[in-house]
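> I'll drop the sequence and a predicted model, then ask my questions.
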Amino acid sequence: MAKQLESKKAKPAKNTVQKAKPTRAERTAMFRFLASIVLPIMNLLGRYKIEQSEYLPKSGAVVVSPNHYSEIDPLVIGVAIWKLGRTPRYLAKASLFKIPVLGWLLRKSDQIPVDRHSPRNGTDPLQAANQLVEKQLLVVVYPEGTLTRDPDMWPMRGKSGAVRLALEADVPLIPVAHWGTQKILPRYGKKISLFPRKDVRVRFGPPVDLAAFRGKPLDAASLAKATDLVMVEITKLLAEMRGETPPKKRWDPAKKGQSETGRFEERK
């Protein structure tokens with residue numbers, strides 16, 4: 001009888017990611033407050049189809065790396081992650097933390113300040129991110145660093161922040177792509193389209209295989225190779241959703257005479 005009871009207790013629950021229950025440490029009172037404001041608005045703007053959700057760990061430290069082509073992307077990805085029972089943290093510009101009220105909200109919700117002009121090349125922000133990861137939380141890092149410059153909104157050349165964080169903290173890196181967000185807010189658009197509701201697809205992929213780089217010195221060459229693997233996986237997910245073939249060569253702003261930050265003129 002005792003063995004039967006143990007067997008029943010040990011029986012694994014059904015794989016229903018959408019109903020996963022996050023720990024109290026992850027879904028804080030501040031995040032629940034923010035979600036109560038953001039979710040109704042985002043649900044009014046779009047219908048979100050979340051695909052391959054089984055690839056997002058239900059708990060534990062993880063880096064999530066999405067594509068980036070609209071300034072409303074962080075909210076879309078945040079909604080998808082929240083619907084799957086996790087709570088997203090982001091790398092945010094350090095200057096935002098100095099703004100009254102906004103800075104307080106960012107600190108209270110454990111967002112991570114990043115100073116792009118840091119003399120230590122971002123070492124301190126990555127150490128801060130590692131501290132968050134040690135708390136078994138989820139951190140969203142956009143490997144492109146800014147909105148893609150690619151004219152057709154394919155992922156452009158990536159930067160090493162996401163893979164560096166995943167490798168230094170020795171945690172999984174999950175690629176994710178989304179499509180349809182541009183119908184809510186176009187790239188560098190100033191006006192949100194309210195009606196009708198837009199269909200937005202968000203697709204998660206399996207962890208990027210970074211085994212060849214783990215436990216080894218993170219030199220520039222290794223980080224570049226690892227970053228390319230991430231961009232390949234994100235592009236693959238996006239191509240599947242769009243039903244299109246991506247460019248053979250990834251867009252590189254430096255080779256196109258474009259700045260790495262700020263807005264740019266769209267190709268006519």
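Thanks, I have it.
> so residue 160 makes contact with residue 224?
Yes - using Cβ atoms under 8 Å, residue 160 makes contact with residue 224 at a distance of 7.0 Å. (C-beta placed from N, C-alpha, C; glycine too.)
> can you classify residue 65 as helix, strand or coil?
Look at residue 65: counting by DSSP: H, G, I helix; E, B strand; the rest coil, its state is strand.
> show me where this protein has its helices.
Using DSSP state H, the helices of the chain run over 2-10, 29-45, 73-83, 102-108, 123-134, 161-169, 220-242.
> and residue 236, what's its pLDDT?
Looking at residue 236, its pLDDT reads 98.
> compare residue 160 and residue 224 and say which is more crowded by neighbours.
Shown here are residue 160 and residue 224; by other Cβ atoms under 10 Å, residue 160 has more neighbours (19 against 14).
> for the more buried one, grab phi and psi.
Here is the backbone geometry of residue 160 (degrees, to the nearest 10): phi -90, psi 0.
> for it, give me its contacts.
Neighbouring residues of residue 160 by Cβ atoms under 8 Å, 6 or more residues apart in numbering: 223-224, 226-227.
> same deal with residue 218?
Applying Cβ under 8 Å, 6+ apart, the residues near residue 218 are 164, 167-168.
> and it, backbone torsions?
Main-chain torsions, residue 218, degrees, to the nearest 10: phi -90, psi 70.
> from residue 158, how far off is it?
With distances taken as Cβ to Cβ, to the nearest Å, residue 218 is found 15 Å from residue 158.
> now residue 184
Residue 184 sits 24 Å away from residue 158, taking Cβ to Cβ as the criterion.
> more neighbours: these two, which one.
Comparing residue 184 with residue 158 by other Cβ under 10 Å, the one with more neighbours is residue 158, at 25 against 21.
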